[in-house]
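J.: only geometry, no sequence info:
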(Lines give C-alpha, C1' and ligand atoms only; values in the text may rest on other atoms or scores of the structure.)
Protein backbone atom coordinates (compact mmCIF):
# COMPACT_ATOMS: atom_id res chain seq x y z
CA UNK A 1 0.00 0.00 0.00
CA UNK A 2 1.40 3.37 -1.09
CA UNK A 3 1.73 5.77 1.79
CA UNK A 4 -0.25 9.05 1.58
CA UNK A 5 1.89 12.08 0.75
CA UNK A 6 -0.27 15.11 1.43
CA UNK A 7 2.35 17.63 0.36
CA UNK A 8 2.82 16.06 -3.08
CA UNK A 9 -0.93 15.55 -3.80
CA UNK A 10 -1.77 19.18 -3.03
CA UNK A 11 0.66 20.39 -5.67
CA UNK A 12 -1.01 22.35 -8.69
CA UNK A 13 0.25 23.27 -12.18
CA UNK A 14 3.73 24.53 -12.47
CA UNK A 15 4.41 27.95 -13.95
CA UNK A 16 5.73 26.33 -17.12
CA UNK A 17 2.53 24.33 -17.55
CA UNK A 18 0.40 27.45 -17.09
CA UNK A 19 2.44 29.36 -19.66
CA UNK A 20 2.10 26.53 -22.16
CA UNK A 21 -1.68 26.27 -21.57
CA UNK A 22 -2.23 30.02 -21.93
CA UNK A 23 -0.11 30.09 -25.06
CA UNK A 24 -2.05 27.22 -26.63
CA UNK A 25 -5.37 28.88 -25.72
CA UNK A 26 -4.20 32.12 -27.30
CA UNK A 27 -3.19 30.32 -30.48
CA UNK A 28 -6.58 28.57 -30.67
CA UNK A 29 -8.45 31.85 -30.15
CA UNK A 30 -6.26 33.61 -32.67
CA UNK A 31 -7.19 30.98 -35.24
CA UNK A 32 -10.89 30.61 -34.46
CA UNK A 33 -12.02 34.22 -33.86
CA UNK A 34 -11.23 35.42 -37.42
CA UNK A 35 -12.88 32.28 -38.77
CA UNK A 36 -16.08 32.94 -36.83
CA UNK A 37 -15.96 36.64 -37.76
CA UNK A 38 -15.65 35.69 -41.42
CA UNK A 39 -18.54 33.26 -41.12
CA UNK A 40 -20.74 35.86 -39.43
CA UNK A 41 -19.93 38.44 -42.10
CA UNK A 42 -20.58 35.89 -44.87
CA UNK A 43 -23.91 35.00 -43.31
CA UNK A 44 -24.79 38.69 -43.02
CA UNK A 45 -23.87 39.29 -46.67
CA UNK A 46 -25.94 36.34 -47.89
CA UNK A 47 -28.86 37.51 -45.75
CA UNK A 48 -28.47 41.07 -47.05
CA UNK A 49 -28.43 39.94 -50.68
CA UNK A 50 -31.52 37.81 -50.05
CA UNK A 51 -33.22 40.82 -48.48
CA UNK A 52 -32.35 42.89 -51.56
CA UNK A 53 -33.93 40.24 -53.80
CA UNK A 54 -37.01 39.97 -51.61
CA UNK A 55 -37.33 43.75 -51.54
CA UNK A 56 -37.30 43.97 -55.33
CA UNK A 57 -39.55 40.92 -55.66
CA UNK A 58 -42.16 42.49 -53.39
CA UNK A 59 -42.24 45.68 -55.45
CA UNK A 60 -42.54 43.76 -58.74
CA UNK A 61 -45.27 41.56 -57.25
CA UNK A 62 -47.37 44.57 -56.23
CA UNK A 63 -47.04 46.20 -59.65
CA UNK A 64 -47.85 42.91 -61.36
CA UNK A 65 -51.02 42.47 -59.27
CA UNK A 66 -52.34 45.94 -60.09
CA UNK A 67 -51.17 46.40 -63.67
CA UNK A 68 -52.80 43.14 -64.76
CA UNK A 69 -56.24 44.53 -63.90
CA UNK A 70 -55.61 48.04 -65.30
CA UNK A 71 -58.68 49.26 -67.15
CA UNK A 72 -61.30 47.52 -64.97
CA UNK A 73 -64.18 49.91 -64.33
CA UNK A 74 -62.87 52.54 -66.76
CA UNK A 75 -65.71 54.29 -68.60
CA UNK A 76 -65.50 54.86 -72.36
CA UNK A 77 -64.22 58.50 -72.33
CA UNK A 78 -61.68 57.73 -69.58
CA UNK A 79 -58.19 56.69 -70.73
CA UNK A 80 -56.63 53.56 -69.29
CA UNK A 81 -52.87 54.08 -69.55
CA UNK A 82 -51.96 57.70 -68.80
CA UNK A 83 -48.19 57.68 -68.55
CA UNK A 84 -45.54 55.38 -69.97
CA UNK A 85 -42.10 56.53 -68.85
CA UNK A 86 -38.82 54.68 -68.27
CA UNK A 87 -39.11 54.94 -64.48
CA UNK A 88 -42.79 55.80 -63.96
CA UNK A 89 -46.18 54.46 -64.99
CA UNK A 90 -49.71 55.76 -64.35
CA UNK A 91 -53.02 54.08 -65.17
CA UNK A 92 -56.73 54.08 -64.30
CA UNK A 93 -58.47 51.10 -62.69
CA UNK A 94 -61.35 50.37 -60.34
CA UNK A 95 -59.00 48.55 -57.99
CA UNK A 96 -60.71 48.96 -54.61
CA UNK A 97 -64.29 49.58 -53.52
CA UNK A 98 -65.70 50.38 -50.09
CA UNK A 99 -68.99 48.75 -51.09
CA UNK A 100 -69.20 44.97 -50.74
CA UNK A 101 -71.81 44.70 -53.50
CA UNK A 102 -69.59 46.44 -56.06
CA UNK A 103 -68.77 43.48 -58.30
CA UNK A 104 -66.93 45.68 -60.81
CA UNK A 105 -64.03 46.45 -58.47
CA UNK A 106 -61.04 44.13 -58.22
CA UNK A 107 -60.92 44.26 -54.40
CA UNK A 108 -63.15 45.19 -51.47
CA UNK A 109 -61.82 47.23 -48.54
CA UNK A 110 -64.33 49.02 -46.29
CA UNK A 111 -61.50 50.97 -44.63
CA UNK A 112 -60.11 52.50 -47.82
CA UNK A 113 -60.02 56.30 -47.98
CA UNK A 114 -63.15 57.60 -49.80
CA UNK A 115 -60.96 59.78 -52.00
CA UNK A 116 -59.10 56.74 -53.31
CA UNK A 117 -62.03 54.72 -54.70
CA UNK A 118 -63.45 57.07 -57.38
CA UNK A 119 -62.14 58.87 -60.44
CA UNK A 120 -60.01 61.92 -59.70
CA UNK A 121 -62.01 65.11 -60.45
CA UNK A 122 -60.47 67.89 -62.53
CA UNK A 123 -60.68 70.17 -59.49
CA UNK A 124 -58.00 68.00 -57.85
CA UNK A 125 -55.53 67.77 -60.69
CA UNK A 126 -52.22 66.07 -59.99
CA UNK A 127 -48.84 66.24 -61.66
CA UNK A 128 -47.83 62.80 -62.87
CA UNK A 129 -44.59 61.57 -61.28
CA UNK A 130 -41.24 62.56 -62.79
CA UNK A 131 -43.02 64.90 -65.22
CA UNK A 132 -44.80 68.22 -65.61
CA UNK A 133 -47.91 66.59 -67.12
CA UNK A 134 -51.12 67.36 -65.22
CA UNK A 135 -54.21 65.15 -65.06
CA UNK A 136 -57.21 65.16 -65.45
CA UNK A 137 -58.58 67.80 -67.79
CA UNK A 138 -62.12 66.37 -67.59
CA UNK A 139 -64.49 64.68 -65.18
CA UNK A 140 -65.56 61.12 -65.97
CA UNK A 141 -68.98 59.71 -65.10
CA UNK A 142 -70.54 56.25 -65.30
CA UNK A 143 -74.03 57.77 -64.96
CA UNK A 144 -75.51 61.22 -64.55
CA UNK A 145 -74.01 62.71 -61.43
CA UNK A 146 -72.18 59.47 -60.57
CA UNK A 147 -68.41 59.63 -61.07
CA UNK A 148 -66.45 56.78 -62.58
CA UNK A 149 -65.22 54.28 -60.00
CA UNK A 150 -61.79 53.95 -61.65
CA UNK A 151 -59.09 55.65 -59.62
CA UNK A 152 -55.67 56.81 -60.85
CA UNK A 153 -52.64 54.81 -59.68
CA UNK A 154 -48.98 55.70 -60.16
CA UNK A 155 -45.77 53.76 -59.53
CA UNK A 156 -42.37 55.42 -59.85
CA UNK A 157 -38.78 55.14 -58.70
CA UNK A 158 -37.03 58.25 -57.37
CA UNK A 159 -33.91 59.00 -55.26
CA UNK A 160 -34.12 58.36 -51.51
CA UNK A 161 -33.61 61.74 -49.75
CA UNK A 162 -32.14 60.06 -46.66
CA UNK A 163 -28.36 60.80 -46.48
CA UNK A 164 -27.84 57.30 -45.05
CA UNK A 165 -29.44 55.75 -48.14
CA UNK A 166 -26.07 56.02 -49.95
CA UNK A 167 -27.56 57.00 -53.29
CA UNK A 168 -30.25 54.33 -53.46
CA UNK A 169 -33.84 54.88 -54.60
CA UNK A 170 -37.41 54.29 -53.43
CA UNK A 171 -40.33 52.69 -55.25
CA UNK A 172 -43.38 54.89 -54.58
CA UNK A 173 -47.08 54.26 -55.12
CA UNK A 174 -49.83 56.89 -55.18
CA UNK A 175 -53.60 56.69 -55.59
CA UNK A 176 -55.34 59.81 -56.94
CA UNK A 177 -54.11 62.83 -54.97
CA UNK A 178 -53.42 60.84 -51.81
CA UNK A 179 -49.95 61.12 -50.22
CA UNK A 180 -47.51 58.69 -51.86
CA UNK A 181 -46.58 55.55 -49.96
CA UNK A 182 -43.26 53.70 -49.93
CA UNK A 183 -43.45 50.25 -51.53
CA UNK A 184 -39.76 49.31 -51.44
CA UNK A 185 -36.49 50.98 -50.48
CA UNK A 186 -32.85 50.34 -51.40
CA UNK A 187 -33.61 50.22 -55.13
CA UNK A 188 -30.79 50.61 -57.66
CA UNK A 189 -31.09 52.25 -61.07
CA UNK A 190 -28.22 50.79 -63.12
CA UNK A 191 -27.31 52.87 -66.21
CA UNK A 192 -29.17 51.75 -69.29
CA UNK A 193 -31.64 49.63 -67.33
CA UNK A 194 -35.03 51.38 -67.08
CA UNK A 195 -37.60 50.12 -64.63
CA UNK A 196 -40.32 49.92 -67.32
CA UNK A 197 -40.20 48.82 -70.95
CA UNK A 198 -43.31 48.88 -73.12
CA UNK A 199 -44.43 46.60 -75.93
CA UNK A 200 -47.21 47.08 -78.48
CA UNK A 201 -48.73 44.90 -81.18
CA UNK A 202 -47.89 45.53 -84.81
CA UNK A 203 -50.32 44.98 -87.68
CA UNK A 204 -49.49 41.27 -87.68
CA UNK A 205 -50.18 40.91 -83.97
CA UNK A 206 -46.51 40.56 -82.99
CA UNK A 207 -45.20 42.36 -79.92
CA UNK A 208 -42.55 45.01 -80.61
CA UNK A 209 -40.89 47.29 -78.10
CA UNK A 210 -41.57 51.01 -78.07
CA UNK A 211 -38.07 52.57 -78.23
CA UNK A 212 -36.87 54.18 -75.02
CA UNK A 213 -35.99 57.25 -77.10
CA UNK A 214 -39.74 57.71 -77.75
CA UNK A 215 -40.54 57.80 -74.03
CA UNK A 216 -42.13 59.26 -72.03
CA UNK A 217 -45.54 59.27 -73.68
CA UNK A 218 -48.79 60.53 -72.17
CA UNK A 219 -52.47 60.16 -72.98
CA UNK A 220 -52.82 63.88 -73.63
CA UNK A 221 -56.30 63.66 -75.15
CA UNK A 222 -58.86 64.42 -72.46
CA UNK A 223 -61.43 62.08 -74.03
CA UNK A 224 -60.35 58.60 -74.99
CA UNK A 225 -61.28 57.77 -78.59
CA UNK A 226 -61.83 61.40 -79.59
CA UNK A 227 -60.31 63.00 -82.68
CA UNK A 228 -57.53 64.40 -80.49
CA UNK A 229 -56.65 60.90 -79.31
CA UNK A 230 -53.95 60.34 -81.91
CA UNK A 231 -50.18 60.15 -82.33
CA UNK A 232 -48.43 59.78 -78.91
CA UNK A 233 -51.77 59.84 -77.12
CA UNK A 234 -52.99 56.89 -79.19
CA UNK A 235 -49.62 55.19 -78.70
CA UNK A 236 -50.42 54.74 -75.00
CA UNK A 237 -53.54 52.82 -76.04
CA UNK A 238 -51.42 50.40 -78.05
CA UNK A 239 -49.36 49.16 -75.09
CA UNK A 240 -50.06 45.47 -74.50
CA UNK A 241 -47.19 44.31 -72.27
CA UNK A 242 -45.10 46.12 -69.67
CA UNK A 243 -41.73 44.63 -68.82
CA UNK A 244 -40.78 45.54 -65.23
CA UNK A 245 -37.22 45.27 -63.92
CA UNK A 246 -36.56 46.23 -60.32
CA UNK A 247 -33.08 45.98 -58.80
CA UNK A 248 -32.60 45.68 -55.05
CA UNK A 249 -29.26 46.82 -53.64
CA UNK A 250 -27.29 45.73 -50.57
CA UNK A 251 -24.10 47.39 -49.31
CA UNK A 252 -21.90 45.33 -46.98
CA UNK A 253 -19.64 46.65 -44.20
CA UNK A 254 -16.76 47.00 -46.60
CA UNK A 255 -18.82 49.26 -48.84
CA UNK A 256 -19.18 46.66 -51.60
CA UNK A 257 -22.55 46.84 -53.33
CA UNK A 258 -24.51 43.83 -54.50
CA UNK A 259 -27.44 44.31 -56.90
CA UNK A 260 -30.16 41.70 -57.31
CA UNK A 261 -32.60 42.26 -60.19
CA UNK A 262 -36.12 40.85 -60.50
CA UNK A 263 -37.76 41.09 -63.93
CA UNK A 264 -41.15 40.06 -65.27
CA UNK A 265 -43.48 40.79 -68.17
CA UNK A 266 -46.98 41.97 -67.28
CA UNK A 267 -49.80 41.56 -69.76
CA UNK A 268 -52.36 44.33 -69.60
CA UNK A 269 -55.40 42.20 -70.25
CA UNK A 270 -57.83 45.07 -70.85
CA UNK A 271 -55.65 46.84 -73.39
CA UNK A 272 -56.62 44.81 -76.43
CA UNK A 273 -54.46 41.77 -75.75
CA UNK A 274 -57.64 39.71 -75.66
CA UNK A 275 -60.54 40.23 -78.06
CA UNK A 276 -63.90 39.94 -76.41
CA UNK A 277 -66.93 38.57 -78.22
CA UNK A 278 -69.46 40.93 -76.62
CA UNK A 279 -69.34 43.15 -79.70
CA UNK A 280 -69.55 40.32 -82.18
CA UNK A 281 -67.22 39.67 -85.08
CA UNK A 282 -64.56 41.95 -86.50
CA UNK A 283 -65.99 44.94 -88.41
CA UNK A 284 -66.55 44.53 -92.13
CA UNK A 285 -64.61 47.29 -93.88
CA UNK A 286 -64.34 47.39 -97.68
CA UNK A 287 -63.87 51.06 -98.50
CA UNK A 288 -61.54 52.46 -101.15
CA UNK A 289 -58.74 54.40 -99.44
CA UNK A 290 -57.58 57.46 -101.33
CA UNK A 291 -54.64 59.71 -100.49
CA UNK A 292 -54.12 63.01 -102.31
CA UNK A 293 -51.12 65.31 -101.82
CA UNK A 294 -51.34 69.06 -102.27
CA UNK A 295 -49.28 72.17 -101.57
CA UNK A 296 -52.20 74.64 -101.50
CA UNK A 297 -52.35 76.48 -99.19
CA UNK A 298 -49.79 74.28 -97.39
CA UNK A 299 -48.11 70.94 -97.94
CA UNK A 300 -50.37 68.11 -96.81
CA UNK A 301 -51.93 64.78 -97.69
CA UNK A 302 -55.69 64.23 -97.42
CA UNK A 303 -56.79 60.64 -96.77
CA UNK A 304 -60.43 59.76 -97.51
CA UNK A 305 -62.67 56.70 -97.08
CA UNK A 306 -66.28 55.67 -96.51
CA UNK A 307 -67.81 54.07 -93.44
CA UNK A 308 -67.74 50.41 -92.47
CA UNK A 309 -70.72 48.18 -93.19
CA UNK A 310 -71.03 47.58 -89.43
CA UNK A 311 -71.24 51.26 -88.54
CA UNK A 312 -74.87 52.05 -89.41
CA UNK A 313 -76.03 48.51 -90.27
CA UNK A 314 -74.99 44.96 -89.44
CA UNK A 315 -73.72 44.81 -85.84
CA UNK A 316 -73.62 48.63 -85.53
CA UNK A 317 -70.60 48.40 -83.22
CA UNK A 318 -67.91 50.47 -85.00
CA UNK A 319 -66.57 53.11 -82.61
CA UNK A 320 -63.58 54.57 -84.41
CA UNK A 321 -61.21 54.41 -87.36
CA UNK A 322 -57.45 54.08 -87.05
CA UNK A 323 -55.23 55.76 -89.64
CA UNK A 324 -51.77 54.35 -90.40
CA UNK A 325 -48.84 55.61 -92.44
CA UNK A 326 -45.66 53.96 -93.74
CA UNK A 327 -42.92 54.73 -96.20
CA UNK A 328 -43.39 53.03 -99.54
CA UNK A 329 -40.19 51.02 -98.89
CA UNK A 330 -41.48 49.61 -95.58
CA UNK A 331 -43.20 46.23 -95.60
CA UNK A 332 -45.73 46.78 -92.80
CA UNK A 333 -47.50 49.49 -90.85
CA UNK A 334 -46.61 50.05 -87.19
CA UNK A 335 -48.58 52.14 -84.69
CA UNK A 336 -51.59 54.23 -85.74
CA UNK A 337 -50.85 57.74 -86.92
CA UNK A 338 -54.24 58.90 -85.65
CA UNK A 339 -57.72 57.70 -84.76
CA UNK A 340 -61.07 59.42 -85.18
CA UNK A 341 -64.52 58.52 -83.80
CA UNK A 342 -67.21 57.07 -86.02
CA UNK A 343 -70.53 58.72 -86.83
CA UNK A 344 -70.31 59.92 -90.45
CA UNK A 345 -70.86 58.19 -93.80
CA UNK A 346 -67.66 59.70 -95.23
CA UNK A 347 -64.34 60.52 -93.62
CA UNK A 348 -61.16 62.43 -94.32
CA UNK A 349 -57.96 62.93 -92.40
CA UNK A 350 -55.38 65.61 -93.16
CA UNK A 351 -51.74 64.76 -92.55
CA UNK A 352 -49.62 67.91 -92.29
CA UNK A 353 -46.49 66.10 -91.08
CA UNK A 354 -45.15 65.62 -94.60
CA UNK A 355 -42.46 67.21 -96.75
CA UNK A 356 -41.78 67.59 -100.45
CA UNK A 357 -40.46 64.39 -101.99
CA UNK A 358 -41.97 62.08 -99.36
CA UNK A 359 -43.47 58.83 -100.62
CA UNK A 360 -46.17 57.46 -98.32
CA UNK A 361 -48.72 54.67 -98.16
CA UNK A 362 -51.72 55.20 -95.88
CA UNK A 363 -53.91 52.58 -94.24
CA UNK A 364 -57.26 52.67 -92.47
CA UNK A 365 -58.96 50.10 -90.22
CA UNK A 366 -62.35 50.16 -88.47
CA UNK A 367 -62.42 49.32 -84.77
CA UNK A 368 -65.44 48.09 -82.80
CA UNK A 369 -66.49 48.42 -79.15
CA UNK A 370 -64.59 45.27 -78.19
CA UNK A 371 -61.27 46.58 -79.48
CA UNK A 372 -61.33 44.35 -82.56
CA UNK A 373 -60.00 45.85 -85.81
CA UNK A 374 -61.08 45.13 -89.34
CA UNK A 375 -58.73 44.25 -92.13
CA UNK A 376 -56.26 47.06 -92.77
CA UNK A 377 -56.93 48.64 -96.17
CA UNK A 378 -54.18 50.58 -97.95
CA UNK A 379 -54.02 53.47 -100.38
CA UNK A 380 -51.82 53.69 -103.42
CA UNK A 381 -48.41 55.34 -103.06
CA UNK A 382 -48.76 59.09 -102.77
CA UNK A 383 -45.80 61.35 -103.66
CA UNK A 384 -45.71 64.74 -101.99
CA UNK A 385 -44.89 67.41 -104.60
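T.: On my side now, so go ahead. Just so it is clear, the structure is predicted and the values come from calculations on it, not from any experiment. Numbering: from 1, shown residues only.

J.: Helices of the stretch 51-200 of the chain, start to end?
T.: Applying DSSP state H, counting those that start in this stretch to the stretch 51-200 of the chain gives no helices.

J.: mind listing the strands for it?
T.: Applying DSSP state E, counting those that start in this stretch to the stretch 51-200 of the chain gives strands spanning 81-85, 88-93, 96-97, 107-108, 126-127, 134-135, 141-143, 146-147, 151-159, 169-175, 181-188, 196-201.

J.: Also the stretch 201-350 of the chain?
T.: Using DSSP E, counting those that start in this stretch, strands in the stretch 201-350 of the chain cover 207-209, 217-218, 239-251, 257-267, 290-294, 300-306, 318-327, 338-341, 346-351.

J.: Now do the third one: which elements does it pack against?
T.: Spelled out, it's strand 239-251. In terms of contacts (3 or more Cβ pairs under 8 Å, 6 or more residues apart in numbering; DSSP states H and E), strand 239-251 is packed against helix 15-67, strand 181-188, strand 196-201, strand 257-267. The C-beta positions use only the backbone N, C-alpha and C, and glycine is treated the same way.

J.: same thing with the last one?
T.: Under the contact criterion of 3+ Cβ pairs under 8 Å, 6+ apart, the helices and strands touching strand 346-351 comprise strand 300-306, strand 318-327, strand 338-341.

J.: what's the angle from whichever helix or strand comes after it to strand 300-306?
T.: On the C-terminal side of strand 346-351, the nearest following helix or strand under DSSP states H and E is strand 359-368. Relative orientation of strand 359-368 versus strand 300-306 (axes from the mean of the first three to the mean of the last three Cα atoms, to 10 degrees): 40 degrees.

J.: Touching stretch 332-342 from outside, list them.
T.: With contacts defined as Cβ atoms under 8 Å, 6 or more residues apart in numbering, stretch 332-342 is touched by 200, 202-204, 208, 225-227, 229-231, 234-235, 238, 307-308, 311, 318-326, 347, 349, 351, 363, 366-367, 376.

J.: Check stretch 134-143 too.
T.: With Cβ under 8 Å, 6+ apart as the criterion, stretch 134-143 contacts 75, 77-78, 82, 90, 119-122, 125-128, 147-150, 152, 222-223.

J.: In ChimeraX, how would I select the buried members of those residues?
T.: Selecting only the buried entries of the contacts of stretch 134-143 in ChimeraX, with 16 or more other Cβ atoms under 10 Å as the criterion:
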select :75,77,78,82,90,119,120,126,128,148,149,150,152,222,223
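
J.: just to revisit the earlier point, just put the strands of the stretch 201-350 of the chain in JSON lines and tack on mean pLDDT.
T.: Below are those laid out as JSON lines (pLDDT from 0 to 100):
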{"stretch": "strand 207-209", "mean pLDDT": "88"}
{"stretch": "strand 217-218", "mean pLDDT": "96"}
{"stretch": "strand 239-251", "mean pLDDT": "88"}
{"stretch": "strand 257-267", "mean pLDDT": "85"}
{"stretch": "strand 290-294", "mean pLDDT": "95"}
{"stretch": "strand 300-306", "mean pLDDT": "95"}
{"stretch": "strand 318-327", "mean pLDDT": "88"}
{"stretch": "strand 338-341", "mean pLDDT": "76"}
{"stretch": "strand 346-351", "mean pLDDT": "90"}
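
J.: No further queries at this time; thank you.
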